[in-house]
Structures are given as structure tokens and as C-alpha cells.
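*Asks:* Below is the structure, and that's it, no one-letter string:
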């Protein structure tokens, strides 16, 4: 089944404890992206990657890191999480960088930072 | 001005009626437009995409695009309780990113 997977789905952590949220897609997509969704603010892009070893900042990159060492994986790293990073996170992928490509979303990761 | 605006509050429609959602965007060079449906606690799923002016129909859904006026709309005909969800408008202006509106909640009343 073609899909985007994220792990963990739920995470409660404490301020300053490094964490990684994994994202993997099995559709051979070039483009991958991370979003966060907050009430009243909608979906905002954190980082995106157009291909292996090519990443760029989105609208709200502060406090996050990403890497794209393999085409299928695009982990999101929070080096020192803070409570304002409590949010619902979505990974998404699409076939290419063309604006006409549909983005497929993972199931989401609900992160709580205490 | 926000990139993508969906200004309406929650929309309540009786079952079987038409739900109408509107979205405006600020960047005139925007190329592609999408409507995503998101059930509470779930991820967005694409229901419609539209790239050229006019109407595009897919089952009970119709997307309408007017580039001159910079708006895109979504009509849901014969609304069903399963259509109760938040609908997100997304716009791609060709710079490798999608900009999303905040969404409109639709509640279909049986």
C-alpha cells in the first residue's frame, strides 16, 4: 500500500530532551515536507526537501532540523524542544517539485512538550 | 494580506443541501489549487485539484477557479453527514511550497 508513515504517533516529552520524529514514504517521491498544525493558525510548513541531500526552510523552521540522506526518509529533529513546539506534526510527500503534484500526508504525530 | 484566506466560520448545512466554501489567495502567479478534507484528529486528504479557470466536477464535489478575481471555491452537493469535516484550501505558487488556509469547518445536520 502506498503510504507515508510517521513515528511515533504520540509523544510526551520534557523541555530540552532531544527527539526525532521519523517519516518514511514508499512511493519513490522526490519531494518531502514537514508541517505543523496549530488551532487558529492552520498548517504551516517547517522544512521541505526536493531530493536527497537537498533541504530548505519553510515558514517556521526555528528550533527544527531535518536531513534527507535517503529518498524515502525525512526525519524531523528537535534538538532542544520547548513548550511552544507542542503541536500536531504532519509529514507529506509528492512525486516531484512541480506545482501540480498532489501532496500525500502521513497520519500525524501529536507532540506535547512539558 | 494573508497568502490564502478562508474567512467563513463554521458552516452548518442540512443533509441533502449544498455546502459552499470560498477561498481567496494573494499571489497572482499561483498555478495550482487544491481542496483537502480533514476529519478531526486525522491527516488532510486531497479531494479536488484545479489548475485552470472554470469548473471541475468530481462526483458530488465541484471546484471553481477564477484567477482574475483570485478565488477558488468548493461546492458539495447533496451533503451527507460523512462530509462533516474541516476543508482546507491550498495554493501552490510555483516556489516549491503549498500555502494553506486555516480551514472551514462543515457540519452536516441529519
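*Replies:* On my side now, so go ahead. The model shown is predicted, which means the values in this text are computed figures rather than measured ones.
*Asks:* Mind pulling the model confidence for the residue nearest to the spatial centre of chain A?
*Replies:* Centroid-nearest residue in chain A, with CA atoms, centre = their mean: residue A:34, separated by 2.8 Å. For residue A:34, the pLDDT comes out at 97.
*Asks:* With residue B:33 instead?
*Replies:* 93.
*Asks:* any weak-confidence spans in chain A?
*Replies:* In the predicted model of chain A, residues A:97, A:99 satisfy pLDDT under 70.
*Asks:* I'd like the next helix or strand past the helix or strand of chain B with the lowest mean pLDDT.
*Replies:* Least confident helix or strand of chain B, by mean pLDDT, DSSP states H and E, is strand B:98-100 with a mean of 89. Following strand B:98-100 in sequence order, the next helix or strand is strand B:104-109 (DSSP states H and E).
*Asks:* anything in that next one near chain A?
*Replies:* No - judged by CB under 8 Å from any CB of the partner chain, strand B:104-109 makes no contact with chain A; its nearest approach is 11.0 Å. C-beta here means a position set from N, CA and C on the backbone, and glycine is covered the same way.
*Asks:* List the strands paired with that strand, with their directions.
*Replies:* strand B:11-14 (parallel), strand B:85-92 (antiparallel) (DSSP bridges).
*Asks:* Quick check: which of the ones you listed is buried the most?
*Replies:* Comparing these by mean neighbour count (mean count of other CB atoms under 10 Å in any protein chain shown), strand B:85-92 ranks first with a mean of 24.
*Asks:* which other residues reach that strand?
*Replies:* Here strand B:85-92 makes contact (CB atoms under 8 Å, 6 or more residues apart in numbering or on different chains) with A:42-43, A:99-100, B:3-4, B:6, B:21, B:23, B:25, B:27, B:30-40, B:44, B:47, B:72, B:74, B:98-101, B:103-106.
*Asks:* try stretch A:31-50
*Replies:* Residues contacting stretch A:31-50 (CB under 8 Å, 6+ apart): A:23, A:25, A:30, A:51, A:55-61, A:64, A:66, A:68, A:74, A:76, A:85, A:87-97, A:101, A:103, A:108, B:44, B:88, B:96-98, B:100-103.
*Asks:* Before I go, just wanted to say thanks for your time.
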